[in-house]
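Participant: Sharing a model that was predicted from the sequence below.
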Amino acid sequence: MPRVVTFTQYGPPEVLKIIDSEIPAPGPDEIRIRVKAIGLNRAEAMWRTGNYVEPVKLPGRLGYECSGIVDAVGAAVTHLAVGDEVTTMAAFSMNDYGVYGELVLVPAKATVKKPASLSFEQATALWSTFVTPWGAFFERTPLMDRDTVLIPAASSGVGLGAIQVAKLTGAKVVALSRGSTKTAHLLEAGADHVIATEEQDLVAEVSRITGGKGATVAFDPVGGPTFSKLVEAMAAGGTIHVYGALSEQVTPLPMLPMVRKELLVRGYNIFGITKSAERQAKVAKFIFDNVAAGKLKIAIAGTFTLDEIVAAHRALEQNRHVGKLVVTV
């Protein structure tokens with residue numbers, strides 16, 4: 001019987017359990033995948049602790065991104081067949097589906113055929129990494145070469161993706177990391193500058209880099225106390241995209257500098273892209289083409305086995321990695 005990961009209460013990584021589970025035949029618009037690799041996201045750690053954007057219906061499954069081989073297809077599915085190598089992206093609620101397992105059901109609309117040139121591990125490290133910044137930098141606030149972009153949590157999978165996607169526009173990228181130990185990695189990823197926020201004055205450094213003008217765009221998954229410093233570091237008329245809430249501390253809203261600078265703070269998530277067939281196809285082509293051309297590089301920070309899922313989530317929360325953590329099945 002196939003094994004899946006579940007949890008019956010909120011808590012630390014240790015609440016995750018591997019159980020045997022009967023996986024039914026797919027419904028009309030579903031497919032069943034024999035999983036080969038799973039991409040981990042901080043959203044899943046927040047889901048496990050009950051701090052995500054929707055409440056969990058316990059007992060819970062989890063996981064958005066996997067790659068593997070189609071095992072069965074629903075009656076209404078025409079674009080996929082048994083034996084196809086595929087990957088999934090975040091286009092569903094984890095209350096309905098979860099991809100942490102050996103055999104999983106997913107909606108066919110969340111599934112893309114895997115290019116033969118990519119390994120299963122590489123294919124599952126693509127979506128959140130590059131879709132997230134693409135939506136912000138190419139659709140919401142199209143970047144130009146005169147822009148300066150601040151990227152907090154820059155060593156995460158999405159952070160590294162954001163550096164690369166922003167550089168495709170010609171923008172200047174300033175990567176933010178708590179310490180200086182990841183500076184070389186971030187510069188190698190394409191950042192023009194790196195600021196260690198616990199060692200340097202964020203506002204003063206951004207002012208120095210921009211000649212006193214400030215940054216025009218920030219791409220923030222963290223929030224918390226540092227948010228007020230982001231506001232201070234922005235140029236007049238700048239935009240802050242808020243796409244996560246990784247900090248468990250209160251996020252201040254510094255009204256006076258926001259009003260003075262006429263800043264735009266935008267909440268953002270990728271579901272508008274991934275749940276639209278047209279936009280999903282557009283971003284998939286963008287990613288596949290630029291990966292094939294060597295303009296976007298997949299960064300896998302480390303791999304774990306399914307049996308090591310607790311250790312994998314511990315590593316996910318420690319924030320010491322640079323890139324995407326992947327579980328092999």
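Facilitator: Great, that's in hand.

Participant: Work out the sheet partners of the helix or strand in which residue 32 is found and label each with its direction, please.
Facilitator: Secondary structure from DSSP states H and E places residue 32 in strand 30-39. According to DSSP bridges, strand 30-39 forms sheet pairs with strand 65-73 (antiparallel), strand 103-107 (antiparallel), strand 324-328 (antiparallel).

Participant: and the angle from the helix or strand following that strand to strand 30-39?
Facilitator: Next helix or strand after strand 30-39 toward the C-terminus (DSSP H and E): helix 42-49. Orientation of helix 42-49 against strand 30-39 (axes from the mean of the first three to the mean of the last three Cα atoms, to 10 degrees) gives an angle of 100 degrees.

Participant: for helix 42-49, the distance to its chain's centre please.
Facilitator: Averaging C-alpha positions (Cα atoms, centre = their mean, to the nearest Å) puts helix 42-49 12 Å from its chain's average.

Participant: Going by neighbour count, which residues of the longest helix along the chain are buried?
Facilitator: Counting residues, the longest helix found in the chain (DSSP state H) is helix 277-292. Buried residues in helix 277-292, defined by neighbour count with 16 or more other Cβ atoms under 10 Å: 279, 280, 283, 284, 286, 287, 288, 290, 291. No exception for glycine: its C-beta is placed from N, CA and C like everyone else's.

Participant: Quick one: list the elements packing against it.
Facilitator: helix 127-134, helix 271-274 (3 or more Cβ pairs under 8 Å, 6 or more residues apart in numbering; DSSP states H and E).

Participant: CA-only coordinates of the longest one, as PDB, when you get a sec.
Facilitator: What follows is helix 127-134 as a C-alpha-only set of coordinates in PDB (Å, rounded to 0.1, in the frame of the first residue of the first chain):
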ATOM      1  CA  TRP A 127       7.300  26.500 -10.000                       C
ATOM      2  CA  SER A 128       7.100  28.600  -6.800                       C
ATOM      3  CA  THR A 129      10.700  29.600  -7.500                       C
ATOM      4  CA  PHE A 130      10.000  31.300 -10.800                       C
ATOM      5  CA  VAL A 131       6.200  31.700 -11.100                       C
ATOM      6  CA  THR A 132       6.100  33.900  -8.000                       C
ATOM      7  CA  PRO A 133       8.500  36.600  -9.200                       C
ATOM      8  CA  TRP A 134       7.300  36.400 -12.800                       C
END
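
Participant: what angle do it and strand 30-39 make?
Facilitator: Using the same axes, to 10 degrees: helix 127-134 against strand 30-39 is 90 degrees.

Participant: mean confidence score for helix 127-134?
Facilitator: Mean pLDDT, helix 127-134: 95.

Participant: quick one: contacts of it?
Facilitator: 39, 41, 43, 64-65, 87-90, 157-158, 160-162, 164-166, 219, 243, 270, 273-274, 283, 286-287, 296, 298-299, 324 (Cβ atoms under 8 Å, 6 or more residues apart in numbering).

Participant: can you rerun that using 7 Å?
Facilitator: Helix 127-134 is contacted by residues 41, 65, 89-90, 157-158, 161-162, 165-166, 219, 243, 270, 273-274, 283, 286-287, 296, 324 when judged by Cβ atoms under 7 Å, 6 or more residues apart in numbering.

Participant: Give me the PyMOL select line for these, limited to the buried ones.
Facilitator: Here is the PyMOL selection string for the buried members of the contacts of helix 127-134, based on 16+ other Cβ under 10 Å:
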select buried, resi 41+65+89+90+157+158+161+162+165+166+219+243+270+273+274+283+286+287+296+324
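
Participant: and the buried residues of helix 277-292 as a markdown table, adding pLDDT?
Facilitator: Listed next are the buried residues of helix 277-292 as a markdown table, based on pLDDT from 0 to 100:
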| residue | pLDDT |
| --- | --- |
| 279 | 94 |
| 280 | 94 |
| 283 | 96 |
| 284 | 95 |
| 286 | 96 |
| 287 | 97 |
| 288 | 96 |
| 290 | 97 |
| 291 | 96 |
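
Participant: want to throw the residues you listed into TSV with distance to residue 105?
Facilitator: Converted to TSV, the buried residues of helix 277-292 look like this (distance: Cβ to Cβ, whole Å):
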residue	distance to residue 105
279	24
280	19
283	24
284	21
286	28
287	25
288	25
290	31
291	27
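
Participant: What segments of this protein are helices?
Facilitator: Along the chain, counting by DSSP H, helices occupy 42-49, 120-123, 127-134, 157-168, 183-189, 202-209, 227-233, 255-261, 271-274, 277-292, 309-318.

Participant: Taking helix 127-134 as reference, get the angle to the longest one.
Facilitator: I take that to be helix 277-292. Using the same axes, to 10 degrees: helix 277-292 against helix 127-134 is 100 degrees.

Participant: Show the contacting residues for residue 153.
Facilitator: Applying Cβ under 7 Å, 6+ apart, the residues near residue 153 are 159, 221, 222, 246.

Participant: Of those residues, which is the nearest to residue 48?
Facilitator: residue 246 (13.8 Å; Cβ to Cβ).

Participant: Just give the number of residues close to the nearest residue to that closest one once chain neighbours are set aside.
Facilitator: In space, residue 246 comes closest to residue 222 once its chain neighbours are excluded; the distance is 4.8 Å by Cβ to Cβ, 6 or more residues apart in numbering. The number of residues packed near residue 222 is 21, by other Cβ atoms under 10 Å.
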